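> Coordinates only, no sequence provided:
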């Protein structure tokens with residue numbers, strides 16, 4: 001019975017599958033799988049490449065939105081006037097500044113700051129036109145200013161209330177990251193605040209006025225943004241190091257260097273670097289911020305050359321790009337011995353050349 005059934009099955013018309021067909025299907029499937037993997041890898045690289053610029057943009061946009069909590073002139077019954085005085089030799093004390101007639105009244109945050117080591121005196125008058133007491137906070141919104149000396153005058157009394165700035169390492173981490181002054185105003189009371197600011201780079205010092213409760217919201221929101229941004233950078237760095245360990249492609253290492261340098265620069269500009277590294281490191285790179293700019297351009301340029309596969313044929317474009325990137329190293333090192341306002345002017349020229357070269361590569 002079983003033998004007869006087997007014979008019957010053999011006599012049935014069953015299509016034959018050639019060995020060559022099986023091999024073809026297997027090879028085709030393997031090729032398609034490799035192709036899909038390569039496409040996914042390229043899409044992953046593109047996603048990684050655009051993640052940091054988008055994160056930085058989102059970070060800055062969110063900070064700008066958080067800044068809308070600030071009090072505008074005449075808003076909520078709070079009026080303010082702002083004027084400034086440039087002290088080229090930094091030879092004025094508070095008594096001389098108070099009685100100086102050389103203050104120039106301008107709109108807030110519109111001081112024409114130049115590069116140099118000069119100091120600025122800022123005169124900020126705040127009037128409470130409300131019938132109730134106001135608790136206010138002034139944020140000195142520039143972490144890179146080395147010295148910020150704050151004096152409050154009211155009814156002919158002069159009181160130095162704060163010594164802030166990134167060079168004042170004895171201050172708390174929060175005061176260094178977010179230099180600010182809290183004060184109160186009685187109904188119809190006016191207080192005049194004198195601020196001396198001095199920096200080796202640009203000494204621009206935006207003054208942002210908040211109600212105390214709004215400042216607390218702004219501060220918490222800012223810490224949340226910082227935490228999210230730092231966490232994202234660290235996750236992306238670890239992920240790319242894992243990818244490098246798997247495929248041994250140096251493009252991932254250069255990308256890690258690029259995003260960590262971006263983190264360092266953002267931390268130095270916005271103050272949250274004090275929470276990440278020791279004071280000695282913060283003090284060194286704050287004084288040599290231009291070197292960090294060079295590091296970013298170096299990693300960005302080499303990463304672009306390798307990501308765009310200019311290294312495969314090692315043509316003249318790749319050799320020129322690598323030579324230019326190598327030339328950035330002595331420029332970065334030389335900035336350690338230059339004054340910050342001088343080194344940054346040299347960097348602007350180098351940065352312009354780098355932009356032109358990258359546009360040339362993208363146009364090819």
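Looks like it arrived, so ask away. No experiment lies behind these values; they were computed from the predicted model shown. Numbering: from 1, shown residues only.

> Check what pLDDT the residue nearest the centre of the chain gets.
Centroid-nearest residue in the chain, with Cα atoms, centre = their mean: residue 266, separated by 2.4 Å. In this prediction, residue 266 carries a pLDDT score of 92.

> my guess is residue 263 meets residue 233, correct?
Yes. The pair residue 263 / residue 233 is scored as a contact, 4.6 Å apart, by Cβ atoms under 8 Å. For every residue, glycine as well, the C-beta is placed using N, CA and C.

> Low-confidence ranges, the stretch 151-300 of the chain, go.
Applying pLDDT under 70 to the stretch 151-300 of the chain flags the ranges 155-156, 201-203.

> Strands of that one, residue ranges please.
Along the stretch 151-300 of the chain, counting by DSSP state E, counting those that start in this stretch, strands occupy 157-164, 180-185, 190-198, 207-211.

> And the shortest one, what's buried?
The reference is to strand 207-211. For strand 207-211, the neighbour count (16 or more other Cβ atoms under 10 Å) marks 207-211 as buried.

> Please apply the same query to stretch 236-250.
Buried, per 16+ other Cβ under 10 Å, within stretch 236-250: 236-237, 240, 243-244.

> And the spatially closest residue to residue 160 that is not a sequence neighbour, how far from residue 362?
Nearest non-adjacent residue to residue 160, counting by Cβ to Cβ, 6 or more residues apart in numbering: residue 151, 5.2 Å away. Using Cβ to Cβ, to the nearest Å, residue 151 is found at 52 Å from residue 362.

> neighbour count winner among the two?
Under the criterion of other Cβ atoms under 10 Å, the comparison of residue 151 against residue 362 puts residue 151 first, with 18 against 9.

> Same list, the buried residues of stretch 236-250, but as TSV with distance to residue 88 please.
Listed next are the buried residues of stretch 236-250 as TSV, based on distance: Cβ to Cβ, whole Å:
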residue	distance to residue 88
236	45
237	44
240	48
243	53
244	51
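
> Compute the number of surrounding residues for the residue lying closest to residue 329 once chain neighbours are set aside.
In space, and not counting its chain neighbours, residue 329 is closest to residue 298: 7.1 Å by Cβ to Cβ, 6+ apart. For residue 298, the tally of surrounding residues (other Cβ under 10 Å) stands at 23.

> which residues in this structure form helices?
2-11, 19-66, 94-99, 173-177, 212-247, 251-270, 279-287, 289-307, 316-334, 340-363 (DSSP state H).

> Quick check: the closest residue to residue 124 other than its chain neighbours vs residue 167, distance?
The shortest distance from residue 124 to any residue other than its chain neighbours is 4.5 Å, reached at residue 193 (Cβ to Cβ, 6+ apart). Residue 193 sits at a distance of 21 Å from residue 167 (criterion: Cβ to Cβ).

> go on, residue 147?
6 Å.

> And residue 349, by the same measure?
28 Å.

> Same drill for those two, tell me which one is more crowded.
Remark: of residue 349 and residue 167, residue 167 carries more neighbours, 18 against 10, as counted by other Cβ under 10 Å.

> from memory the more buried one sits against residue 146, does it?
Yes. Between residue 167 and residue 146 there is a contact at 4.3 Å, judged by Cβ under 8 Å.

> For beta bridges, what are the partners of residue 195?
residue 122, residue 150 (DSSP bridges).

> my read: it touches residue 179, true?
No. With contact defined as Cβ under 8 Å, residue 195 does not count as touching residue 179 (10.1 Å).
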